[in-house]
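Trainee: just the structure for this:
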Amino acid sequence: MKKRGFLVAAATLGTLFVAGCAMGPDYQRPQTTLPEAFEQATDSGTSIANLNWWELFGDEQLNALVRLALEQNRDMAIAVSRIEEARAALGFVRSDQYPQFEVAAGANRGNSIPGTSVILPVSNNFVLAGNLSFELDLWGKLRRSTEAARADLLATVEASNSVMITLIADVASAYLLLLDVDTRVAIAERTLNTRNESLGIIQARFDRGTVALIDVNQAQIEKYDAEAQLVALQREDVQVENLLSLLLGQNPGAIVRERRDIYSLVPLQVPAGLPSELLERRPDVRSAEQRLAAQTARIGVAEAIRFPSLSLTGSLGLASDDLSGFFSSDNKTWGLSAGLIAPVFNAGRNKRRVEVELARTEQALLNYEQTVLQALQEVEDSLVSVHTYKREVLARKSQQKAAASAAMLSRARYNGGVTSYLEVLESERSLFRAELLASSTHREQLVAYITLYKALGGGWAP
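Mentor: Sure thing, here's the model as predicted:
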């Protein structure tokens, strides 16, 4: 008796030991070669942090738009729904690791055997039984499947984070473009009013015979040019509003806002993290890594299929030809069975399945490495944009100041009869162009900070 107990215990421990093993490689994060620091140094070495970075602009309208977009944007809603789908898929796959219990009931009455013409006496049959089945996960096939599904869920979560980051950046960029267009519309309106006044003065002088007709024509040309640019900017204003409405999950329409110019927002002081921090933060990098982990687990699934699988089945129920007294213990039925299925010959199908998963894992690894390289490039590009736009904005401001001075002096020289109206026109064109470029460049400088935020995969410490 003791010997039998020892054998049962040894068999149980052996089964548990085998079940504790899993085929295929365990996932390990790939080693990547990273620079010690970014080429473009920043003003501070402060680490990036999870902040609502857009609130640092101090614009309540922008804050409200971001909140609304996160609540109503359809792409964001789809990303969240995909998380729920992946979570349900994980539960579906994980259920295979546990016993399955079913209840079956049936009743029939007849006098023939199905599929034959044999006639028998009329009989009744009543059955009520519970069936329990369980596949022993000897080679880790089920555990590896669950591991892959769990990594897929995490990858989906990171993909959702990537959608959120992109959405916030797009809303902020569109809002800045709206402020920029508003500013340029105001510049065009002011320029058009000035040129209308100039045309009136030139027309009056022509009527008195003090200037030539060509001066009137040149003033008309500049007036209509300003009018055409104003119409184009008004068209762009509506299109940007429609774009922002789409990001907010609304029908195209006007965006209610305070009429502010782009200069009401000032650039931020943004430090950058180290490459190692970048890898830990960017959702696309983290998603690519989880896809690699999932694919690595699928190698184990494919390898386990090449080995025998063992299933246990048990049933317990009642069966009788008479409904009265059906629940009597005399009608009890039961059964236990074990099934072993082992592949013998399938023309190399199972071996090729492993090779397929190995190739897919190699692809996932290359995709992860490519994502890391792209992340580093985007950070470097964003940092150089932040640095160079500072100097470009200063140059545009100086250009605008010089153009304003030149326009004023040219007007004074023309009124004094020192120069032709052509010089005035050229100076005013330069001023108009300089004002428009200064506004656009200021916006592009602010957008560079938004792009850096996306590249870093998060916020930053102020």
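Trainee: any idea how far residue 394 is from residue 442?
Mentor: 11 Å (C-beta to C-beta, to the nearest Å). Glycine gets a C-beta too; all of them are placed from N, C-alpha and C.
Trainee: which residues touch stretch 22-32?
Mentor: 139-141, 143-144, 151, 279, 289, 292-293, 296-297, 299-304, 307, 365, 368-369, 372 (C-beta atoms under 8 Å, 6 or more residues apart in numbering).
Trainee: what subset of those is buried?
Mentor: 139-141, 143-144, 151, 279, 289, 292-293, 296-297, 299-304, 365, 368, 372 (16 or more other C-beta atoms under 10 Å).
Trainee: now, those residues that are in helices?
Mentor: When DSSP state H is applied, the buried ones among the contacts of stretch 22-32 are split such that 141, 143-144, 151, 279, 289, 292-293, 296-297, 299-304, 365, 368, 372 fall in helices.
Trainee: which parts of the chain are strands?
Mentor: Along the chain, the segments classed as strands by DSSP state E run 100-112, 119-136, 309-320, 332-341.
Trainee: and the ones you listed, which is most packed in?
Mentor: Across these, averaging neighbours per residue (mean count of other C-beta atoms under 10 Å) puts strand 309-320 on top, at a mean of 16.
Trainee: given that strand, what are its sheet partners and their directions?
Mentor: Counting by DSSP bridges, the strands paired with strand 309-320 are strand 119-136 (antiparallel), strand 332-341 (antiparallel).
Trainee: what residues are up against residue 212?
Mentor: Per C-beta under 8 Å, 6+ apart, neighbours of residue 212: residue 206.
Trainee: ok, now how distant is it from residue 223?
Mentor: 17 Å.
Trainee: likewise residue 450?
Mentor: 37 Å.
Trainee: higher neighbour count, residue 394 and residue 442?
Mentor: The residue with more neighbours, out of residue 394 and residue 442, is residue 442; 25 against 11, by other C-beta atoms under 10 Å.
Trainee: for the residue lying closest to that one once chain neighbours are set aside, give its distance to residue 392.
Mentor: In space, and not counting its chain neighbours, residue 442 is closest to residue 262: 5.3 Å by C-beta to C-beta, 6 or more residues apart in numbering. Distance check for residue 262 against residue 392: by C-beta to C-beta, it reads 15 Å.
Trainee: so for those two, which sits in the more crowded spot?
Mentor: The neighbour comparison of residue 262 against residue 392 (other C-beta under 10 Å) goes to residue 262, with 22 against 15.
Trainee: now do the contacts for the more buried one.
Mentor: Residue 262 neighbours (C-beta under 8 Å, 6+ apart): 176, 179, 180, 182, 183, 439, 442, 443, 446.
Trainee: can you give me the pLDDT of it?
Mentor: Here the pLDDT value assigned to residue 262 is 93.
Trainee: one more: residue 242?
Mentor: Residue 242 carries a pLDDT value of 96.
Trainee: and if you look at residue 333?
Mentor: For residue 333, pLDDT reads 87.
Trainee: wait, it touches residue 318, no?
Mentor: Yes - between residue 333 and residue 318 there is a contact at 6.7 Å, judged by C-beta atoms under 8 Å.
Trainee: which neighbours do those two have in common?
Mentor: residue 129.
Trainee: relative to residue 415, which of the strands of the chain is closest?
Mentor: For residue 415, the closest of those is strand 100-112, at 96.1 Å, according to C-beta to C-beta.
Trainee: only alpha carbons, please: show that closest one as CSV.
Mentor: Extracted in CSV, the C-alpha atoms of strand 100-112 (Å, rounded to 0.1, in the frame of the first residue of the first chain):
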residue,chain,number,x,y,z
GLN,A,100,-14.1,22.7,-19.2
PHE,A,101,-17.4,21.5,-17.7
GLU,A,102,-20.6,21.0,-19.7
VAL,A,103,-24.1,19.7,-18.9
ALA,A,104,-26.0,17.7,-21.5
ALA,A,105,-29.6,16.6,-21.4
GLY,A,106,-31.7,14.7,-23.9
ALA,A,107,-34.8,12.7,-24.4
ASN,A,108,-36.1,10.6,-27.3
ARG,A,109,-38.9,8.1,-28.1
GLY,A,110,-39.0,5.7,-31.1
ASN,A,111,-38.8,2.2,-32.5
SER,A,112,-35.9,2.4,-35.0
